[in-house]
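Undergrad: The following comprises the amino acid sequence and a computationally predicted model.
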Amino acid sequence: MSQAITTDPDKLKMFSFQVFTKLEGAVTAGMIHLGDRLGLYEAMKGAGVPLTTHQLAAALQLHERWVREWAYNQAAARIIECDAEERFSLSPEAAAVLASPEHPAYGMGMFHRLPQTMATLDDMPESFRTGVGYNYDSHGCAGAIGIERSFEPWNKSFLLPVVLPALDGVVQRLADGARVADVGCGAGGAVLLMAGAFPKSTFAGYDISQHALDRAATKLAESGVANASFHDPRIDPLESDHSVDFITTFDCIHDMTHPQQMMEALRAAIAPDGTWLLVDIKAHDTFMENARKNPMAPLMYGISVLSCMSSAMSAPDGAGLGTLGFSENTARQMAANAGFTRFRKLDIEHSVNAFYEVRP
Ligand SMILES: C[S@@+](CC[C@H](N)C(=O)[O-])C[C@H]1O[C@@H](n2cnc3c(N)ncnc32)[C@H](O)[C@@H]1O
């Protein structure tokens with residue numbers, strides 16, 4: 001027999017409201033995915049004036065009734081604006097986040113892969129029982145494109161002019177001609193950006209996701225860049241010969257099943273005077289600090305279950321660091337354990353990432 005619960009009616013109402021605002025967020029996130037996928041935001045931005053749903057639907061050859069209900073969701077959620085004549089528009093900030101892939105604040109990447117991310121819910125009960133998760137390829141091709149669209153806008157604005165110059169001597173070395181490896185390169189955006197800027201250097205990207213490598217190969221062919229290549233490290237591993245002058249890892253160490261062994265492999269590959277640019281998710285040392293100081297902590301822990309920690313647990317002995325499991329202190333200790341002796345946090349502002357210069 002279930003136990004009777006005594007509740008405070010006001011608190012009950014507030015708690016239910018709190019729970020259902022999460023469902024509202026999830027459903028509105030789905031609508032943002034559709035807005036991006038159907039080109040609704042780009043059409044609104046392109047029009048430059050507020051549009052009726054008839055005008056918006058006609059511009060994209062969509063059915064007006066569906067566009068209207070979508071627009072009502074978006075306006076009710078204050079994602080888009082609605083005037084007294086029910087004409088819809090984007091604020092400049094909404095245009096940046098929703099419809100401007102060249103803007104560093106562009107945010108459609110995670111929404112791009114939302115269906116694939118949420119579809120893993122069906123696999124999760126089994127993972128909770130066995131302990132074994134799924135790597136990035138489980139999110140399919142759209143998963144790789146979503147990651148690419150998440151990180152490239154910021155990188156395109158800041159990697160070359162801000163991040164590389166913050167490292168000691170790296171820009172000069174790249175200009176003179178260096179050997180570079182980007183490990184966990186995803187769709188290869190950072191490799192292609194750097195390879196285009198430093199033609200005397202050679203760049204090798206490594207990733208275990210076939211979808212990401214396929215995407216990188218397509219982009220490489222389109223780019224005309226001649227000094228870059230992409231590899232699956234299980235077939236073509238990074239050599240342990242201290243020959244790589246510059247190593248980069250962007251948002252991937254926390255996703256790896258064996259991050260400590262990876263750091264040891266990086267230490268064996270790097271030249272004695274080389275540099276490792278370690279970019280990873282900003283995190284505090286404890287859950288309590290993350291929960292108190294990071295307003296995005298619920299999102300981060302949820303994405304961890306569905307994506308990052310799942311990847312990091314995709315082998316039975318996976319370390320499972322997870323999205324917020326790789327704080328500066330953890331990274332510093334693990335780098336020291338791998339044999340790196342210098343570790344410097346860079347003064348670079350980013351909404352989710354921290355930047356470190358790590359050296360032998
Ligand atoms: C969040 S994505 C980041 C991709 C890319 N660095 C970027 O910034 O767009 C993490 C990537 O790490 C890759 N990865 C995970 N474990 C790996 C390993 N052991 N070796 C190489 N790549 C790995 C995944 O396949 C995935 O593409």
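TA: All right, it came through fine. Computed from a predicted structure; not experimentally measured.
Undergrad: Could you pull up the mean pLDDT of the longest helix along the chain?
TA: For the chain, the helix reaching the highest residue count under DSSP state H is reported as helix 9-37. Taken as a whole, helix 9-37 has an average pLDDT of 98.
Undergrad: Now do the strands in the stretch 151-300 of the chain.
TA: Per DSSP state E, counting those that start in this stretch, the stretch 151-300 of the chain carries strands over the ranges 179-183, 202-206, 228-231, 244-250, 270-281.
Undergrad: what lines up beside the longest one in the sheet?
TA: Sheet neighbours of strand 270-281, with direction, are listed as strand 244-250 (parallel), strand 353-359 (antiparallel) (DSSP bridges).
Undergrad: residues in contact with the first one?
TA: By that I understand strand 244-250. The contact list for strand 244-250 (C-beta atoms under 8 Å, 6 or more residues apart in numbering) reads 151, 155, 170, 173-174, 178-186, 190, 201, 238, 266, 269-271, 273-280. All C-beta atoms are positioned from the backbone trio N, CA, C, and that covers glycine.
Undergrad: Now do the helix or strand just after the longest helix of the chain: which elements does it pack against?
TA: Beyond helix 9-37 on the C-terminal side, the first helix or strand identified by DSSP states H and E is helix 40-47. Here helix 40-47 is seen to pack against helix 53-60, strand 88-89, helix 92-99 when contacts are counted using 3 or more C-beta pairs under 8 Å, 6 or more residues apart in numbering; DSSP states H and E.
Undergrad: The ligand: which of those is closest?
TA: helix 92-99 (18.6 Å; C-beta to the nearest ligand atom).
Undergrad: Show me what that closest one is packed against.
TA: Counting by 3+ C-beta pairs under 8 Å, 6+ apart, the packing neighbours recorded for helix 92-99 are helix 9-37, helix 40-47.
Undergrad: Buried ones in the longest one, by neighbour count?
TA: When neighbours are counted by 16 or more other C-beta atoms under 10 Å, the buried residues of helix 9-37 are found to be Thr28, Met31, Ile32, His33, Leu34, Gly35, Asp36.
Undergrad: For it, name the packing helices and strands.
TA: On the basis of 3+ C-beta pairs under 8 Å, 6+ apart, helix 9-37 makes packing contacts with helix 64-76, helix 92-99, helix 109-112, helix 114-119.
Undergrad: Adding mean neighbour count, write those out as TSV.
TA: Compiled in TSV, those are given as follows (neighbours: other C-beta atoms under 10 Å):
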stretch	mean neighbour count
helix 64-76	17
helix 92-99	17
helix 109-112	20
helix 114-119	18
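Undergrad: Take the strands of the stretch 151-300 of the chain and write them to JSON lines, including mean neighbour count.
TA: Putting the strands of the stretch 151-300 of the chain into JSON lines (neighbours: other C-beta under 10 Å) gives the following:
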{"stretch": "strand 179-183", "mean neighbour count": "25"}
{"stretch": "strand 202-206", "mean neighbour count": "23"}
{"stretch": "strand 228-231", "mean neighbour count": "21"}
{"stretch": "strand 244-250", "mean neighbour count": "23"}
{"stretch": "strand 270-281", "mean neighbour count": "21"}
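Undergrad: could you dump the ones you listed to JSON lines with mean pLDDT?
TA: As requested, the strands of the stretch 151-300 of the chain are arranged in JSON lines below (pLDDT from 0 to 100):
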{"stretch": "strand 179-183", "mean pLDDT": "98"}
{"stretch": "strand 202-206", "mean pLDDT": "98"}
{"stretch": "strand 228-231", "mean pLDDT": "98"}
{"stretch": "strand 244-250", "mean pLDDT": "98"}
{"stretch": "strand 270-281", "mean pLDDT": "98"}
